[in-house]
Structures are given as C-alpha cells and as structure tokens.
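Peer 1: Quick check, what structure comes out for this input:
(chains A and B)
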Protein chains: 2
Amino acid sequence: MSNLRGNACIGQSGGPTSVINQSLVGVIQEVQKSDHIVELLGARHGVKGIVNNDFLKLKSAPQELLERVAMTPASALGSTRDKPDAEYCKKIFASFQANDVRYFFYIGGNDSADAARIVNDLAKQAGYELRTFHVPKTIDNDLRVHDHTPGFGSAAKFVASAVMGDDYDNKSLPGVKVDVIMGRHAGYLTAASVLARKYENDGPHLIYVPEAPFSVDKFLGDVDRVYKKLGRCVIAVSEGIHDEKGTAMAVVLAEKLGRQIERDGHGNVQLSGSGILGDFLGDLIKDQLKIKRVRSDTFGYLQRSFPGYVSATDAAEAREVGRRAVIASRDDKNSAGLSVVMKRVSNAPYTIEYGLTDLANVARETKHLDPAYLKDGNDVTQAFIDYAKPLVGELPTVGSLTELK
Amino acid sequence: MSNLRGNACIGQSGGPTSVINQSLVGVIQEVQKSDHIVELLGARHGVKGIVNNDFLKLKSAPQELLERVAMTPASALGSTRDKPDAEYCKKIFASFQANDVRYFFYIGGNDSADAARIVNDLAKQAGYELRTFHVPKTIDNDLRVHDHTPGFGSAAKFVASAVMGDDYDNKSLPGVKVDVIMGRHAGYLTAASVLARKYENDGPHLIYVPEAPFSVDKFLGDVDRVYKKLGRCVIAVSEGIHDEKGTAMAVVLAEKLGRQIERDGHGNVQLSGSGILGDFLGDLIKDQLKIKRVRSDTFGYLQRSFPGYVSATDAAEAREVGRRAVIASRDDKNSAGLSVVMKRVSNAPYTIEYGLTDLANVARETKHLDPAYLKDGNDVTQAFIDYAKPLVGELPTVGSLTELK
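Peer 2: Got it, this is the predicted structure:
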C-alpha cells in the first residue's frame, strides 16, 4: 500500500513505436483504478511538456477512446529528442513540485531512463518524495537487463514480413536486392528478417548487422557466391553497419559525397530515411560484380509507425509493462527509481516474468546482439530464431508452386 | 459453348502486385471446371517460359496450395520485363503450335496487353485458332477503359496506411516528412495517400502527382505555408513528378549527381527503390526554408509486395477477373483478343460490372488521373476520395487524445 498521495505525470520520449500507446493506455487504465494518484498529467512532448506546463488530464479518459489510442502508432502525447542536462532536470523537478507530482512514469529507451534517473536523484537530494518508473520501449531492442523491449516485436514483424514479400518479388524478377533496416548499434531488427525464410533458398540470403564489422571485400564475395548459385540474392543490412574502425558505412559514404551529417540532441547520427547506404551498396554490386538488375530499399520510418500490423504478443506486453509500473508505484518500498523489465522463462512455450530493476542498470548504455546469435559475419543462428520467433508471432500465410514438383 | 478443344497457357508479366496470384488462381480454378481446356501450362517468367518451353502443369493443382498461393504476393509463376518484338512473338506462336495451346491467358499491364495482341494477330494471320485473354493487373491503375485494375486497391491500402502511420509519427516528433510513392506517369497511388486523413490538420498536407507539372518555387511556397501554420508538414509525392518540360525530377537530380540512369526492356526509367528524389526534396527544404528536422522515405517495393495486408475488395476482384477470362474463353465468339474489364456502376453502394474489351483499347498507352481529381496542383478532390475509398476498404482504427479537448 502507498502512503504517498498526489498527482502523477506520464510522458513519452524518443523514437515512437507502433505499440508505445499500449503502454500509455496501460498506465492510464491502471491509474484509473488507483486511489493514491489524484490526477494523471500527460506531458505533451515528454520533458518539454513538463517544463512548459503543457499537460493533458488523463484520469477520466473514456475507455472507447483509450482502446483506439492503444491501437494507434507513434506517441499520442507527443515525443521529444531533448536529452535533459542537470539544469533541464531542475526545471522538471520544479514543475513536479508546483504540480504536486509524486509519481513519474516515463516511457522511453535508455536515454529516457537516464533522464528519469537524474530527476529521481534530484528529488531525493531535495528530500521531495517522488517515485519514478521507467516504462521500456524501443524497436532497437537494445536495453540492458531487459530480455526484450515492447516495440521490438511489432517492428520485427513488419521487417520480417517486408523481407518475405520482397523475396517473393525477387523470385518473380530475379536480381540482387538490398534492404536497409533500422538499427544504429544493435542488429536485432535486421536479424529478425531471418524469420522471412520458409522454403529452401528463401531470402534473406545474407544478413549484416552492426555487431559484425563490415568488409566490402567479404560482402562482394558473399553476394557473388549466392548470385552464382541462385541467380538472385536478397540482402538484409542494418543502417548502422560499420567498418573495422567503427566508422558507419553510411557516414563513410556521406563524407565521400560531401553531404552534411545531421545529429540529434543525443549526438546520434541521423541514418534513417535516406537511401544513401542502399544506393551505395547497390552501386558497388553493379560496378564490381557486373550484375545488371540491382535494387535497394530503405524501409525507413514505416518500421516503427506502420498501423494495423502489430505483433499481438508485443501489444499485450506493452500494455502490461505500463500497468506494472502503476502497480509497483503503490508499494512504498519502490522509491529508488525503477524500470519495469521482462525476463524470459522459456522459449517453448513462450513464457516471461515481469520484474523491476534499478534505473542505473538500464540508463545510457545499450545492449548488443549476443555473439551466440551471429553466424559467419553474414547470417544469424537458430538460437536467435528461437529467441525472436515468439516475440513476432505468426507471419502471413504463403505458398509456392514449387510445392507442385 | 466452345467447339475449340486444346491446351491453355497462362503467364504473368511486368511488376508483380500483392494480388496478382489471386488472378492466377482464379484462372486455374475455373480451368479445373472446364472441359474445353485439356491442360493448363503455366509459363515460368511470362513469355520467356513460353519460348523456352518452361512450363508447370497446373490443371490438377490442389486447392489447399492454390489458396495459399493466392495469398502470396508477387508472381508465383515468375515474371519478366521482356517486351516481345515481332520476332519474339513468332517464337511464342511457334511454341503455342507445338504445345497445342488454343487459349492464352496473360496477366499484366498495358505492355502485356500489347504482347498478347501481337501474338493473337499472328495466329489469325496463320489461320491458327487461338483465343487470347488479357487479365489486368497494375498497382499504377493506369489501364485505359478499365475503371480500375486489380493490384491498385491493395497497393493504395498500403500507401494510405503507411502515410497514416507516418503522419502520427510526425505529430509525435514534428518536422517535415517527404514520402516518395510509386507511379511513373500516373498519380493514382500517390493520390490514394489522401485516405490517411481522419482528423483536422492530418497529413498528407501536400500531394504531388505526375499529372500536375512540378515547380520547385511553388513546392517551397506550399511547404512554407503548411509548416508555418502547423509546425509540421507531411508530403506525398510520386516518384514520377516532372517539370513543365516533362523531365522527371528524379532524372534532373540524377544527372546533377552524375549517376547512371537505368532503363528496363520497355525503355522505362528505373525510379523505384532509390532515395534520390526524397533526399533531393529534403535537402531543398532544409537549404531554402531553413527547417532543421526534415526526413524522407521512399516506400519502394513494399508497396506492391507487402504480404498479409491486402484490400479484401481488391483480392476478390483479382480472383474474379481471372475466372471471367476463362468463362469468356468458352464462347466461340470471343476470339478477337480481349481484356477483362471492370466498369463502375456506382460508388455508394460500391458496385461494378465485369465486361470485355478489345486488346487494342488497352494496349500500349496509359491512363492518367482525371483532371477533376486534381486540386490546386498540391492536393486531390473529394471526387477522387469517392472513387478510391471503396477500392481500398477499411483502414486501421486509430484515435487521438485531441478528442479529450
């Protein structure tokens, strides 16, 4: 039971996902059942809304609307790329004091966990009772401690489906196809393209992730081998692939082309939504391997925002981590600044346990693909398939006339 | 009743769609009920398979497999970009004679209709009884006479959904977003992005199609006006937009960058799957309007190949045009070379009639957006919405917290 009564604040931060509003609605619905929270203030555009006193009152939101919002991609409250420094965090804390905010629910990735941690520490130093809960989200699936994060399963379902459809397209009109997939540092999403395979010789035939340093020579050798064998080749590649020195291939090319590299408030290079990497790899294949039909696509923002096509498991879990944060807030002992985590109990049947971990365990640094998931620098292992499959769920039913033979 | 008994040949040609196999299965299932067709030869990779004698026997294909194939995007028999000339058509005709092919069903766009027309004429000249039927498909929706073509509704559903999700993403993290959509000459698919709008001020805020000549100055003025009003702007633009002289903007840029322009066997410039146009427009906005957050995506091949997300109406119609071609083949009077067409009876309730038209009416030339569908050079009219909506069907359910106000 909670002896702390007051208002709560909820915000959404960073790149949205297609189920981030499930977590928002999970928080709202659980707050609606809670006496310890008087009003739930929804901060517009995350920490920006907090410092600008720009809030929506959410405690009495109608269920019909909430269920529609839950199905809507991207952050219904608005998001932000602002990474609060110490000064900014003081303003957040001042706003919390002014609004009698005693509970802070922040939905986001590792940078958001870090901002929440700083605000929680400030409150502690000032002797102001505040309970901070980080609700995880990120399509990159790169939060430490977390087995996986809400948002990943749905983005992975989109990616696997897209590569599956693209592979059928490539069977129809053979050639080389390069599909560039989101993921700056972690290759989970690109690796999930492996789930597109059903029949022998199905694509993706080659998978390149940031965790395996990219070599142009090895890449060309790989493509040449597959193309000579099958007369076609479908390649899944992370936007964040880099060379041995750690320089992103997209950056290497951008510099080569004299293009400006944009960085966001967190110092991250903007790699999404540009066809540079795909075009570059395609040109490389045409020039060096003399293959005529080479195409590339960069899946871009659709991976995180395509509506009406989420993983059912992912949607349910996203709702549940939101609920769990509010449930945890009722317990007086949960005042340290915590993140709601999922732990894998088993792959088959797929079972997880929910728990809590200190914000410091999640903040700032990111997780990478387990080396046990990587194969030959151009593929992923069965262990990764076993890990990812239950998160994505069923993929579209397909058939091939090769079954007639 | 048909007095002509023999084999039939079926092929798929050109860019695949996500429902082109519905038409294939429609043909196969109707042939399975037909006595006048002894065997149905599925040509691998269209006319290539015909001249190379590369066929699959389809008449006894099991229903369970056919239903899965029908749900699978891209051409299950394989496709081709070969545009047969007179010499090539003679080889096709020779193969038909050798295989006792008396019925030719060819699923494709206007180029395929033209190839079918030439082969049919050759047979007539030689006094060889052949009945040729063109089964329409094209995501571009650009076949003359046809009210619309199978493949368009599903691609339009993908595009409208993608822009809808992208618009929510843009509401979360405001800026300017450019979405480049397929369509060389016809803007139907880009225009369909209008269906993404639900609430006031929803995107796409600006829509540019090849039918309205593109002016850089007008474009910048449009974006500036929307951005100043809303603080954000989502733009849908056809890959085939061109200037007053008819030069494609993508080509203008490609030349500027010293890149090679690839053309397919039909002389069409390869514009899909490259981020050039989006990057160019994005850079233009950043440079000229001094807006910092500008992103672009090129939807690419997913528009025609994304699985498990088709328009139910489109899938049913694609199946039906295949069936109708076989039904028509039973009538001795249908020997002129025909295309199965859909005619709109009414928008509400949505009603169509199936019919037949001479191949010459469909072959070669393409249809453009009716001028009555264009608005201010940067939008489409309610008349277009009324036309497109029933073809696309229901879009994902969404909600916005602005409803709380």
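Peer 1: Residue A:284: neighbouring residues, count only.
Peer 2: Neighbours of residue A:284 under the rule other CB atoms under 10 Å in any protein chain shown: 17. No exception for glycine: its C-beta is placed from N, CA and C like everyone else's.
Peer 1: again with the one 4 residues further on
Peer 2: For residue A:288, the number of neighbouring residues by other CB under 10 Å comes to 14.
Peer 1: got it, and residue A:108?
Peer 2: Based on other CB under 10 Å, the number of other residues close to residue A:108 is 28.
Peer 1: partner residues bridging it?
Peer 2: For residue A:108, the beta-bridge partners are residue A:136 (DSSP bridges).
Peer 1: isn't it right up against residue A:17?
Peer 2: No - using CB atoms under 8 Å, residue A:108 makes no contact with residue A:17, being 10.3 Å away.
Peer 1: joint contacts of those two?
Peer 2: A:137, A:138 (CB atoms under 8 Å, 6 or more residues apart in numbering or on different chains).
Peer 1: ok, which residues in the stretch 201-350 of chain A are in contact with chain B?
Peer 2: Within the stretch 201-350 of chain A, the positions near chain B by CB under 8 Å from any CB of the partner chain are A:270, A:272-276, A:278-279, A:295-302, A:304-309.
Peer 1: One more: the stretch 51-200 of chain A?
Peer 2: Counting by CB under 8 Å from any CB, the stretch 51-200 of chain A sits next to chain B at A:56-58, A:61, A:65-81, A:161-162, A:164-166, A:168-169, A:171-173, A:177.
Peer 1: quick one on the thing from earlier: from the residues of the stretch 201-350 of chain A next to chain B, list the buried ones, please.
Peer 2: A:270, A:272-276, A:278-279, A:295-302, A:304-309 (16 or more other CB atoms under 10 Å in any protein chain shown).
Peer 1: from those residues, which ones fall inside strands?
Peer 2: Among these, the members found in strands (DSSP state E) are A:295, A:296, A:297, A:298.
Peer 1: could the residues you listed go into JSON lines alongside distance to residue A:331?
Peer 2: JSON lines is the format used below for these (distance: CB to CB, whole Å):
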{"residue": "A:295", "distance to residue A:331": "55"}
{"residue": "A:296", "distance to residue A:331": "51"}
{"residue": "A:297", "distance to residue A:331": "48"}
{"residue": "A:298", "distance to residue A:331": "45"}
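Peer 1: Mind picking the one among the residues you listed that's closest to residue B:42?
Peer 2: residue A:295 (25.4 Å; CB to CB).
Peer 1: So what pairs up with that closest one in the strands?
Peer 2: Counting by DSSP bridges, residue A:295 is bridged to residue A:177.
Peer 1: Tell me the pLDDT of it.
Peer 2: Reading off the confidence values, residue A:295 has pLDDT 94.
Peer 1: quick one: contacts for whatever residue of the stretch 151-300 of chain A ends up closest to chain B?
Peer 2: Residue nearest to chain B within the stretch 151-300 of chain A: residue A:275 (1.9 Å; CB to the nearest CB). Residue A:275 is in contact with A:180, A:296, A:298, B:273, B:274, B:275, B:276, B:278, B:279, B:298, counting by CB under 8 Å, 6+ apart.
Peer 1: if you look at the host helix or strand of residue A:387, does any of it touch chain B?
Peer 2: Take DSSP states H and E as the rule and residue A:387 turns out to sit in helix A:382-392. No - using CB under 8 Å from any CB, helix A:382-392 stays clear of chain B, coming no nearer than 12.5 Å.
Peer 1: Looking at the buried ones among the residues of the stretch 201-350 of chain A next to chain B, which are in helices?
Peer 2: A:276, A:278, A:279, A:302, A:304, A:305 (DSSP state H).
Peer 1: what's the most distant pair in these?
Peer 2: A:279 and A:305 (22.9 Å).
Peer 1: what number of residues lie near the closest residue to residue A:207 other than its chain neighbours?
Peer 2: In space, and not counting its chain neighbours, residue A:207 is closest to residue A:236: 4.9 Å by CB to CB, 6 or more residues apart in numbering or on different chains. Close neighbours of residue A:236, defined as other CB under 10 Å, add up to 34.
Peer 1: how near is the residue of the stretch 1-150 of chain A found nearest chain B to residue B:63?
Peer 2: Nearest residue of the stretch 1-150 of chain A to chain B, counting by CB to the nearest CB: residue A:68, 2.8 Å away. Going from residue A:68 to residue B:63 by CB to CB, to the nearest Å gives 38 Å.
Peer 1: Which of the contacts of residue A:275 sits closest to residue A:9?
Peer 2: Minimum distance to residue A:9 across those is 36.3 Å, recorded for residue A:298 (CB to CB).
Peer 1: For residue A:245, grab the count of nearby residues.
Peer 2: Neighbours of residue A:245 under the rule other CB under 10 Å: 7.
Peer 1: Please give the element, helix or strand, for it.
Peer 2: Under DSSP H and E, no helix or strand contains residue A:245.
Peer 1: Might you report the residue contacts of it?
Peer 2: Applying CB under 8 Å, 6+ apart, no residues contact residue A:245.
Peer 1: Same check on residue A:289?
Peer 2: Counting by CB under 8 Å, 6+ apart, residue A:289 has contacts A:220, A:223, A:224, A:227.
Peer 1: was I right about the first one contacting residue A:288?
Peer 2: Yes - Residue A:220 sits in contact with residue A:288 when judged by CB under 8 Å, with a separation of 5.3 Å.
Peer 1: Please enumerate the strands of the stretch 1-150 of chain A.
Peer 2: For the stretch 1-150 of chain A, the strands defined by DSSP state E, counting those that start in this stretch cover A:6-12, A:37-43, A:55-57, A:101-108, A:131-136.
Peer 1: ok, and for whichever helix or strand comes after the last one, which residues are buried?
Peer 2: Just to be clear, that refers to strand A:131-136. Moving toward the C-terminus from strand A:131-136, the next helix or strand (DSSP H and E) is helix A:152-172. Along helix A:152-172, these residues count as buried under the neighbour rule (16+ other CB under 10 Å): A:152-172.
Peer 1: Residue A:160 and residue B:97, how far apart?
Peer 2: Taking CB to CB as the criterion, residue A:160 is separated from residue B:97 by 46 Å.
Peer 1: on that earlier part again, of the ones in strands among the buried ones among the residues of the stretch 201-350 of chain A next to chain B, which pair is most distant in space?
Peer 2: So, these by CB to CB: farthest apart are A:295 and A:298, at 11.4 Å.
Peer 1: where do the helices sit along chain A?
Peer 2: Using DSSP H, helices in chain A cover A:20-32, A:47-51, A:63-70, A:86-98, A:110-125, A:152-172, A:188-191, A:216-230, A:249-256, A:276-289, A:302-305, A:312-329, A:382-392.
Peer 1: pLDDT on the third one, on average?
Peer 2: Just to be clear, that refers to helix A:63-70. For helix A:63-70, the per-residue pLDDT averages 98.
Peer 1: Kindly calculate the angle that that helix makes with helix A:312-329.
Peer 2: Interaxial angle of helix A:63-70 relative to helix A:312-329 (axes from the mean of the first three to the mean of the last three CA atoms, to 10 degrees): 120 degrees.
Peer 1: Which neighbouring elements make contact with helix A:63-70?
Peer 2: The contact analysis (3 or more CB pairs under 8 Å, 6 or more residues apart in numbering or on different chains; DSSP states H and E) places helix A:63-70 against helix A:20-32.
Peer 1: how many neighbours does the closest residue to residue A:112 other than its chain neighbours have?
Peer 2: The shortest distance from residue A:112 to any non-neighbouring residue, by CB to CB, 6+ apart, is to residue A:13 (4.0 Å). Neighbour count for residue A:13, taken as other CB under 10 Å: 32.
Peer 1: With the one 5 residues further on instead?
Peer 2: A count of nearby residues for residue A:18, using other CB under 10 Å, gives 34.
Peer 1: Name all residues that make contact with it.
Peer 2: By CB under 8 Å, 6+ apart, residue A:18 lies in contact with A:73-74, A:151, A:154-155, A:158, A:304-307, A:309-310, B:165.
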